[in-house]
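Trainee: predicted model and sequence follow; I will ask about them next.
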Amino acid sequence: FCGVCVSERARPGVVCGGRPVQLRSADNAAIFPDAVVRFTYKPATRRLLQVQGHEERVSVKDTFDALYDESLIEGIKDFIRAEPTFDQCCEKIRFFQDYLEKISNLVTNQYFNAGRVGQNDVIKNLREFAQSFIEDILKYLVARHRAENERICGVFSEVMRRAFKVPQSTEELIAMGDYMLHANTELMEELKAANVRQLHFLARLVELVTLEPEHVRLNAKTVHWLQMIQPIFKQNA
């Protein structure tokens, strides 16, 4: 007999596996008619569980088959290499969040007429798989935001370096004047626009992921450059 049981009211003779069984208590006395005995015939129960369990596996496979498609892994890599926009990344994240919602609706234990099938491992693996794709996309967004901050800071640093460089000739003096004029007009407008884009990017990014303190400090430095550079322009006016 196995652990999956079918309840039957006790009676003087019960047929189990083709053999009559006399139901008795521990002291060998006949069990009262209203007592309940639990028994099962192992092969039949196993076959029933196999059929019902197979049906459940087919249902789960049909729902989550895309998560286990090998092409999906390469597809995500290609998606990130194509440098998608923030909106495109959000759309892809929502795709996997929909799967997470479906996974959360799975029951831990699936009950059948013949027994119970545990789904803890299936749920755990599915959730980790979907979450890993979301994390890959979030890492790309964080790295992209950080790289743009570093680029902006690099441009400001170059402006400062050239502003403090002492010209060695008339030609260098004229070239420096032309560069500083460009930096204080077209370049500054470009950097201001880049800063605004970064702030909008940041506002949406923090809704999806927690940034490292170093990243937050870098963003603050990027914004502060707009004020830090002004005295240098005045000095070279």
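Mentor: Perfect, I can see it now.
Trainee: right, and residue 221 touches residue 150 too?
Mentor: No: using C-beta atoms under 8 Å, residue 221 is not in contact with residue 150, being 9.8 Å away. Every residue, glycine included, has its C-beta placed from N, CA and C.
Trainee: these two - which one has more neighbours?
Mentor: residue 221 (15 against 12; other C-beta atoms under 10 Å).
Trainee: by residue count, what's the longest helix in the chain?
Mentor: Looking across the chain with DSSP state H, the single longest helix is helix 120-164.
Trainee: packing partners of the next helix-or-strand element following that helix?
Mentor: Downstream of helix 120-164, the next assigned helix or strand under DSSP states H and E is helix 170-182. For helix 170-182, the elements it packs on are helix 120-164, judged by 3 or more C-beta pairs under 8 Å, 6 or more residues apart in numbering; DSSP states H and E.
Trainee: now do the helix it packs on, average pLDDT.
Mentor: Averaged across helix 120-164, pLDDT comes to 92.
Trainee: what helices or strands is that helix leaning on?
Mentor: Partner elements for helix 120-164 (3+ C-beta pairs under 8 Å, 6+ apart): helix 70-81, helix 86-104, helix 170-182, helix 188-205, helix 213-228, helix 230-235.
Trainee: for those helices, give me a markdown table that also has mean pLDDT.
Mentor: What follows is these, written out as a markdown table (pLDDT from 0 to 100):
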| stretch | mean pLDDT |
| --- | --- |
| helix 70-81 | 90 |
| helix 86-104 | 91 |
| helix 170-182 | 91 |
| helix 188-205 | 96 |
| helix 213-228 | 95 |
| helix 230-235 | 87 |
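Trainee: can I get these in CSV including distance to residue 163?
Mentor: Formatted as CSV, those follow (distance: least, C-beta to C-beta, whole Å):
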stretch, distance to residue 163
helix 70-81, 38
helix 86-104, 34
helix 170-182, 6
helix 188-205, 13
helix 213-228, 12
helix 230-235, 5
